[in-house]
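Trainee: quick check, what structure comes out for this input:
(chains A and B)
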There are 2 protein chains.
Amino acid sequence: MARWEPGARERLVVAAVDLFTEQGYDATTVAQIAERAGITRSTFFRHFADKREVLVAGQETLSTLLADGIREAPADAGPLDAVAAGLERASSEMGQTSRELGPRIKAAVAASTELQERDALKTVGLAAAATAALVERGLPSPTAHLAAEIGVLAFKQGFSQWSEAAHDDGKPLSHYALAALAELRTATATLS
Amino acid sequence: MARWEPGARERLVVAAVDLFTEQGYDATTVAQIAERAGITRSTFFRHFADKREVLVAGQETLSTLLADGIREAPADAGPLDAVAAGLERASSEMGQTSRELGPRIKAAVAASTELQERDALKTVGLAAAATAALVERGLPSPTAHLAAEIGVLAFKQGFSQWSEAAHDDGKPLSHYALAALAELRTATATLS
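Mentor: The predicted structure follows:
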């Protein structure tokens, strides 16, 4: 068997989410996930540290992309414009498979405290990465924290709406994330 | 031994944090925590489900107080004024022991992924409780989410500053939390 199998990672995610949904997270083993995906156990461990990672590993890539987009936005972009650039960059990573898995991943997370904890930590990590990138742009700490939390809220709301909408609407995740950001931007005006 | 021991809960928290700091979280057992606190193992389990809960159990009370304060703020209070009322209510629960334990708890959490995950979930829970209370006040969802995140940021920043400042400054947590909220309120004005 080749050491590198194209699509192995994606097949493992689909298999894991199917098994978590069918029989619950706790009852699912790494061996079952690998078998369902038609992949060896050792290949599983080349992609993921454990079964929890299957659902949240992508979020590290997301953090990096979000921060890169913010960092590389034009120097004269305002805080929320830089956040918008970060959301576009992060959204570009999420294709149709992510969209289809969204509601099933959500259900699996909702049913397991362990997954909720891991998921919450990754959300906090996303906010921290965005905050650091905004501070690098020279923003004062409270503004950076606030803009970062707004970005994370927009990403989560956008993702949720995108994966619940009709999947043939032809709209990328960025459409929903940027719409959520615009809504939150309007909300900030009512607060100050 | 009496079934109810005054101060048992507080003694368990102090003992647990001391042991986590001395020998690490993973190496610490419930039996050791109980022994250090001079309390039986079964008394431990009347107060906490497991050793992780020792550090974060108080956050459930915090969520309730934060939400109650928001809910019971005057009907004509703006979103961030309601959040301020919630912060005052939640802060009232935190006395000198919490203040002294703050930096040690922070160190223990920073050193353990397991504790970080649990801590992150409680932060998410705090935001969810505040959001729900703000929605009950009739606020639209984006405003409620945003004001809730601002409240959680203010609480966390305020707590961090309070527990790092000179402990004889005579200032309650609410002083620091409300100052952090005022700073974030100013920051919202620069965003919109």
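Trainee: for the rest of this, base every contact and every neighbour count on C-alpha atoms.
Mentor: OK.
Trainee: host element of the residue positioned nearest the centre of chain A?
Mentor: The structure's chain A has its C-alpha centroid closest to A:Q59; by Cα atoms, centre = their mean the separation is 4.4 Å. Taking DSSP states H and E as the criterion, A:Q59 maps to helix A:58-71.
Trainee: does stretch A:108-124 come close to chain B?
Mentor: Yes: Stretch A:108-124 is in contact with chain B by Cα under 8 Å from any Cα of the partner chain, via A:116-118, A:120-121, A:124.
Trainee: tell me what the helix or strand bottoming out on mean pLDDT in chain A is packed against?
Mentor: Sorting the helices and strands of chain A by mean pLDDT, DSSP states H and E puts helix A:51-56 at the bottom, at a mean of 82. Contacting helix A:51-56 under the criterion 3 or more Cα pairs under 8 Å, 6 or more residues apart in numbering or on different chains; DSSP states H and E are the following elements: helix A:8-23, helix A:113-136.
Trainee: show me how far the helix holding A:Q59 is from its chain's centre.
Mentor: Offset of helix A:58-71 from its chain centre (Cα atoms, centre = their mean, to the nearest Å): 9 Å.
Trainee: what's the mean pLDDT across it?
Mentor: Average pLDDT, helix A:58-71: 92.
Trainee: what angle do whatever helix or strand comes next after that helix and helix A:113-136 make?
Mentor: Next helix or strand after helix A:58-71 toward the C-terminus (DSSP H and E): helix A:79-91. Orientation note: helix A:79-91 sits at an angle of 130 degrees relative to helix A:113-136 (axes from the mean of the first three to the mean of the last three Cα atoms, to 10 degrees).
Trainee: and the next element down the chain from helix A:79-91?
Mentor: Next along the chain after helix A:79-91, taking DSSP H and E as the criterion, comes helix A:96-110.
Trainee: tell me what that next one is packed against?
Mentor: Partner elements for helix A:96-110 (3+ Cα pairs under 8 Å, 6+ apart): helix A:8-23, helix A:113-136, helix A:141-164.
Trainee: mind listing what's buried in that helix?
Mentor: A:98-99, A:101-102, A:104-105, A:108-109 (16 or more other Cα atoms under 10 Å in any protein chain shown).
Trainee: and stretch A:10-28, by the same measure?
Mentor: Across stretch A:10-28, burial judged by 16+ other Cα under 10 Å covers A:11-21, A:25, A:28.
Trainee: need the contact partners of it.
Mentor: Stretch A:10-28 has contacts (Cα atoms under 8 Å, 6 or more residues apart in numbering or on different chains) with A:33-34, A:36-37, A:39, A:44, A:51, A:54-55, A:101, A:104-105, A:107-108, A:111-112.
Trainee: identify the farthest-apart pair in the residues you listed.
Mentor: A:I39 and A:A111 (26.3 Å; Cα to Cα).
Trainee: how about the residues of chain A by chain B?
Mentor: A:78-80, A:116-118, A:120-121, A:124, A:142-143, A:145-147, A:149-150, A:153, A:183-192.
Trainee: domain parsing of chain A, as residue ranges.
Mentor: Domain assignment for chain A by automatic domain parsing gives A:8-53, A:57-191.
Trainee: now stretch A:134-147: mean pLDDT?
Mentor: On average, stretch A:134-147 scores 96.
Trainee: cool, thanks, signing off.
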